[in-house]
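Enquirer: A structural model of the following input is requested.
(one chain, ligands or ions: 1)
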Amino acid sequence: MTNQPLPLESANAVAYAWQQLAYRAGVAATDSDISDFESLGVSVHYADPEKVVHNGKAIIISPCKPSDWVGLLETQPDSLSWLSASNLLPDDHSPGELQRLPVLFWGKGVAKISGPVFEIDSRNRLVCHVDLIATTLFMLTRWEETITLHRDERGRFPSWASVASRQKFLHMPIVDLWAMVLKKWLMRLLPEWRPITRSFDVLLSHDMDELIKYSTIQSGIHGIASAIFRRRSVHDALTALKATINWRHDPFYQGIQKLMNISETYAFKSVFNFMTSSRGSLDAGYDITQEPYLSILSEVQRRGHEIGFHPGYQAFSKEDLLRNEKYALDKILGRKNYGCRQHYLLFQVPDTWRKFNNLELRYDNSLTYEDQAGFRCGTCHPYRVFDMEQRKTLQLVEIPLIVMEKTIFSHKRLNLSPEEGFRKIMSLARSCRAVGGVFTMLWHNSTFFGDDLKWSWVYENLIEALSKLSQSPQHTGDGNRLGHEPGYLNY
Ligand SMILES: [Zn+2]
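Expert: Below you'll find the model as predicted:
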């Protein structure tokens, strides 16, 4: 553990957390200096309710003790308090899909309580005895990743080291769910107020690690031999032969075609994240300025899909390399503010965010775990990133990734069958819909080939099911739109 300052010890951080809660509670954004909650005619206080002298409509969130932050990291697995819907919601609200929620931080002076955690007191003040400001900052800033030093063999923060995984709430967007509870109480405090309903959205994205599998004669011959002697597949051998003769038959290029075709069938726009890195042990090193790669990128653009950036493996630790790779893509696209996802989901909080922000990238879409699916940031709403060391909100938007397909089926990870994988992914998507968030999924073009081919039907069925689940005229899954959505930029 290191001695990082708490994000909480900053007025900027607290104001940021109020805004994040307001957005998720369905409060309209304001352009004025007053906070969004205050635009409804309520004052907001992050203080001990006993000491707040204000009378009249107010929201008071009782703060936890500062030591509770580190205390939460040290809490034994599976030992948080969970509150049932009856202890969370006002009497006249049905729980819907909300059954129970974990408490990360109790308000000051509150040990575990069995009664309601929200109350409207005799002075018409909505008092919350759970520290939702700390909960929001804890999850959104990923503060724990700067304190907990566990890393996997590639330097990634592993899911098992997270509070969400150890306390078994990684499958829940808990910041969004707590904000939903706050919304119900606010509706009780302000009966005339009509909250904005945020509409569910889907963002499909594809990392272009390799565009062409058999890019040289040697790789084609190797592919034919491997298909015959290892996989004993005449079909794959013929595919390799045809691809070596004409790249348009290449299975990875065909995978890109398939991803575009399926998206277009269900009126989605996909994001394709291209690389500009040199060849390395974990980078294919295709040159996007040369044929046939340039034609592939142009085709993706022409068909109305979005181009994003996928930095090379070495660029994670070498900032000058990252900058050069980004400039190379700027030149091709003729602009610099587009989205990005890290190769291998490599991420270091807050450095990676800060570097992306400095490069004027519009959004990052990396933050799920490589070894587990779910809500690493406790939310499925895109949000402006708060840099807790610099105590300021960055321009960069995080659109949290919820699931990568390889996590679901890799035998080293969840190792689910196609049927189980389908159910798991749809369950995560339904959790996003319940809070009007954005379900984002990563699926590679290489997953339509060889041993992964059995997952092909899962993808098509998923997109059909997601299309039905969204059923909104906006279900275009457009990361650039989400990154620019005026609502998100105000938060
Ligand atoms: Zn990658």
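Enquirer: pLDDT weak spots in this protein?
Expert: 1-9, 32-33, 109, 111-115, 472-478, 480, 483-491 (pLDDT under 70).
Enquirer: mind giving me the domain ranges of it?
Expert: Annotated domains of the chain cover 11-149+176-189, 201-213+250-489, 214-249 [automatic domain parsing].
Enquirer: Reformat those as CSV; add mean neighbour count.
Expert: The C-beta positions use only the backbone N, C-alpha and C, and glycine is treated the same way. Below are these laid out as CSV (neighbours: other Cβ atoms under 10 Å):
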stretch, mean neighbour count
domain 11-149+176-189, 18
domain 201-213+250-489, 19
domain 214-249, 16
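Enquirer: want to throw the ones you listed into TSV with distance to Arg166?
Expert: Written out in TSV, the entries for these read as follows (distance: least, Cβ to Cβ, whole Å):
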stretch	distance to Arg166
domain 11-149+176-189	4
domain 201-213+250-489	12
domain 214-249	40
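Enquirer: burial count for the residue of the stretch 51-200 of the chain found nearest the ion?
Expert: Ranking the residues of the stretch 51-200 of the chain by distance to the ion (Cβ to the ion) places Arg154 first, at 11.8 Å. Counted by other Cβ atoms under 10 Å, the residues lying close to Arg154 total 13.
Enquirer: To Ala164, which of the domains of the chain lies closest?
Expert: Distances from Ala164 to each of the domains of the chain were compared by Cβ to Cβ, and the smallest falls on domain 201-213+250-489, at 6.8 Å.
Enquirer: for the closest one, the distance to its chain's centre please.
Expert: Between the centre of domain 201-213+250-489 and the centre of its host chain there is 10 Å, according to Cα atoms, centre = their mean, to the nearest Å.
Enquirer: Report whether that domain contacts the ion.
Expert: Yes. Using Cβ under 5 Å from the ion, domain 201-213+250-489 reaches the ion at 207, 209, 343.
Enquirer: Residues of the stretch 101-250 of the chain that sit close to the ion?
Expert: Residues of the stretch 101-250 of the chain lying near the ion by Cβ under 5 Å from the ion: 207, 209.
Enquirer: secondary structure class for the residue nearest the centre of the chain?
Expert: When the chain is reduced to its mean C-alpha position, the closest residue under Cα atoms, centre = their mean turns out to be Pro400, at 1.1 Å. Counting by DSSP: H, G, I helix; E, B strand; the rest coil, the backbone at Pro400 sits in coil.
Enquirer: contacting residues for it?
Expert: By Cβ atoms under 8 Å, 6 or more residues apart in numbering, the contact set of Pro400 is 365, 367-368, 375-377, 379-380, 382, 440.
Enquirer: re the thing from before, now do the contacts for the residue of the stretch 51-200 of the chain closest to the ion.
Expert: For Arg154, the contact set (Cβ under 8 Å, 6+ apart) comprises 344, 346.
Enquirer: what do you get for Ser62?
Expert: Contact criterion Cβ under 8 Å, 6+ apart gives 47-49, 107-110, 127-131 as the residues in contact with Ser62.
Enquirer: Would you list the phi and psi of it?
Expert: For Ser62, the backbone dihedrals (degrees, to the nearest 10) come out as phi -80, psi 120.
Enquirer: and the gap between it and Glu119?
Expert: If you measure Ser62 against Glu119 using Cβ to Cβ, to the nearest Å, the figure is 11 Å.
Enquirer: and if you look at Gln99?
Expert: Gln99 sits 21 Å away from Glu119, taking Cβ to Cβ as the criterion.
Enquirer: how close does whichever residue of the stretch 301-450 of the chain sits closest to the ion get to Asp131?
Expert: When Cβ to the ion is the measure, the stretch 301-450 of the chain has its nearest residue to the ion at His343, with 3.8 Å between them. Between His343 and Asp131 the distance is 37 Å, computed by Cβ to Cβ.
Enquirer: and Val385, that's in a helix?
Expert: No. Val385: not assigned to a helix; according to three-state DSSP it is strand.
Enquirer: Surely it touches Thr393?
Expert: Yes. Applying Cβ atoms under 8 Å, one finds Val385 in contact with Thr393, separated by 7.2 Å.
Enquirer: which residues do those two both contact?
Expert: In terms of Cβ under 8 Å, 6+ apart, Val385 and Thr393 are not both contacted by any residue.
Enquirer: So which residues of the stretch 351-491 of the chain form helices?
Expert: Along the stretch 351-491 of the chain, counting by DSSP state H, counting those that start in this stretch, helices occupy 351-358, 405-409, 418-434, 456-470, 479-484, 486-489.
Enquirer: for these, which one sits closest to Ala29?
Expert: The closest of the helices of the stretch 351-491 of the chain to Ala29 is helix 486-489. By Cβ to Cβ, the value is 5.9 Å.
Enquirer: residues in contact with Leu101?
Expert: For Leu101, the contact set (Cβ under 8 Å, 6+ apart) comprises 82-83, 88, 172, 174, 177-178, 181.
Enquirer: Can you flag which of the residues you listed belong to helices?
Expert: By the criterion of DSSP state H, membership of those in helices covers 88, 174, 177-178, 181.
Enquirer: and Val127, what element?
Expert: Assigned by DSSP states H and E, Val127 belongs to strand 125-128.
Enquirer: partners of that strand in the sheet?
Expert: In the sheet containing strand 125-128, the strands it pairs with under DSSP bridges are strand 58-61 (parallel), strand 118-120 (antiparallel).
Enquirer: Give me the distance between the helix or strand just after that strand and the centre of its chain.
Expert: Downstream of strand 125-128, the first helix or strand assigned by DSSP H and E is helix 132-140. The gap between where helix 132-140 is centred and where its chain is centred comes out at 16 Å by Cα atoms, centre = their mean.
Enquirer: Just the CA atoms of helix 132-140, as PDB, please.
Expert: Once non-C-alpha atoms are left out, helix 132-140 reads as follows in PDB (Å, rounded to 0.1, in the frame of the first residue of the first chain):
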ATOM      1  CA  LEU A 132     -22.800   7.900  -1.600                       C
ATOM      2  CA  ILE A 133     -20.200  10.500  -2.300                       C
ATOM      3  CA  ALA A 134     -17.400   8.200  -1.200                       C
ATOM      4  CA  THR A 135     -19.000   5.200  -3.000                       C
ATOM      5  CA  THR A 136     -19.100   7.200  -6.300                       C
ATOM      6  CA  LEU A 137     -15.500   8.400  -6.000                       C
ATOM      7  CA  PHE A 138     -14.200   5.100  -4.800                       C
ATOM      8  CA  MET A 139     -15.600   3.300  -7.900                       C
ATOM      9  CA  LEU A 140     -15.300   5.900 -10.600                       C
END
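Enquirer: what's that helix packed up against?
Expert: Helix 132-140 sits against helix 11-24, helix 67-74, helix 174-189, strand 383-387, with contacts defined as 3 or more Cβ pairs under 8 Å, 6 or more residues apart in numbering; DSSP states H and E.
Enquirer: repeat that with 10 Å
Expert: helix 11-24, strand 43-46, strand 58-61, helix 67-74, strand 100-103, helix 163-166, helix 174-189, strand 383-387 (3 or more Cβ pairs under 10 Å, 6 or more residues apart in numbering; DSSP states H and E).
Enquirer: For Arg433, see how far away the residue nearest to Ser86 when sequence neighbours are not counted is.
Expert: Nearest residue to Ser86, sequence neighbours excluded (Cβ to Cβ, 6 or more residues apart in numbering): Pro95, at 7.7 Å. In this structure, Pro95 lies at 16 Å from Arg433, with Cβ to Cβ as the measure.
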